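In: sequence first, then the predicted structure, then my questions.
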Amino acid sequence: MIVTVGMLGVLGVLALAAPQSEGLLYRQFQTALPFEQDIHAVCTTAAQEILVVSGAPAEIAWFDAKGERLRQQPILEVLEPGGIARGPALESGPSYWITDSGTHRILHLDAKGQVISSFGSYGSGPGELNAPRGLASRENRLFVADSRNNRVAMFDCNGTWLGALGTPGTAPGQLRSPQAVDVDGRGGVWV
């Protein structure tokens, strides 16, 4: 479990290290990123690295569990990063999904942060996005906080539209500019 707080390029992460007999052991570290950018998203890798996406121009940085920066990579194709989530394993290693609110797209990145593919375009119809923010992946499906369309858009890993959750509003089952989404172990979607 990771909780992040970002302010002008400073990353403070509270990371769950391991269960202990007296309870849970937490470790906190703080490190300055090498640029004055807001932090937009964070996720962990299967290798327990921490990926941090910072804003315009977009950049992704990898940290180890101690908070040491391992590497960083600009993502030139991204204008305004939103969320990041683990993608399917590839022959070359892990992959990641990232939202771009500036171009209304979802990009698939390889382990080095290079764009493999992308999908999405501006609009409010099926398969279209308007300022996508957070995203989650589960069982080859993507759940995207489609903020200005007031819904959670669902796609398969090839970018095929599967439908949407929510309608605009503030009543139960309705959404108003969702910014983050996650899927729990039972398949429940949290917005």
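Out: Nice, I can see it.
In: how far away is the closest residue to residue 190 other than its chain neighbours from residue 188?
Out: What sits nearest to residue 190 in space, not counting adjacent residues and going by CB to CB, 6 or more residues apart in numbering, is residue 182, at 4.8 Å. (Glycine included, C-beta is placed from N, CA and C.) Using CB to CB, to the nearest Å, residue 182 is found at 9 Å from residue 188.
In: quick one: which of these two has more around it?
Out: With neighbours defined as other CB atoms under 10 Å, residue 182 and residue 188 compare such that residue 182 has more, 16 against 8.
In: show me the shaky parts of the chain.
Out: Residue ranges of the chain with pLDDT under 70: 1-37.
In: who does the residue positioned nearest the centre of it form a beta bridge with?
Out: In the chain, the residue lying closest to the centroid (CA atoms, centre = their mean) is residue 84, at 1.8 Å. Beta-bridge pairing of residue 84 under DSSP bridges involves residue 98.
In: and the gap between it and residue 174?
Out: Residue 84 sits at a distance of 26 Å from residue 174 (criterion: CB to CB).
In: what about residue 173, how many residues nearby?
Out: 8.
In: which non-adjacent residue is nearest residue 137?
Out: Closest to residue 137 by CB to CB, 6+ apart is residue 85, at 4.5 Å.
In: equivalent analysis for residue 170, please.
Out: residue 176 (5.7 Å).
In: let me see the contact set for the one you found.
Out: Counting by CB atoms under 8 Å, 6 or more residues apart in numbering, residue 176 touches 150, 168, 169, 170.
In: now residue 81
Out: 40, 41, 53, 54, 55, 56, 58, 75, 98, 99, 100, 101.
In: so which of these are in strands?
Out: 40, 41, 53, 54, 98, 99, 100 (DSSP state E).
In: derive a PyMOL selection command for the buried subset of the contacts of residue 81.
Out: Selection command for PyMOL covering only the buried members of the contacts of residue 81, criterion 16 or more other CB atoms under 10 Å:
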select buried, resi 40+41+53+54+55+58+75+98+99+100+101
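In: tabulate the contacts of residue 81 (JSON lines), appending distance to residue 142.
Out: Formatted as JSON lines, the contacts of residue 81 follow (distance: CB to CB, whole Å):
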{"residue": "40", "distance to residue 142": "17"}
{"residue": "41", "distance to residue 142": "14"}
{"residue": "53", "distance to residue 142": "16"}
{"residue": "54", "distance to residue 142": "22"}
{"residue": "55", "distance to residue 142": "21"}
{"residue": "56", "distance to residue 142": "23"}
{"residue": "58", "distance to residue 142": "19"}
{"residue": "75", "distance to residue 142": "18"}
{"residue": "98", "distance to residue 142": "11"}
{"residue": "99", "distance to residue 142": "9"}
{"residue": "100", "distance to residue 142": "14"}
{"residue": "101", "distance to residue 142": "15"}
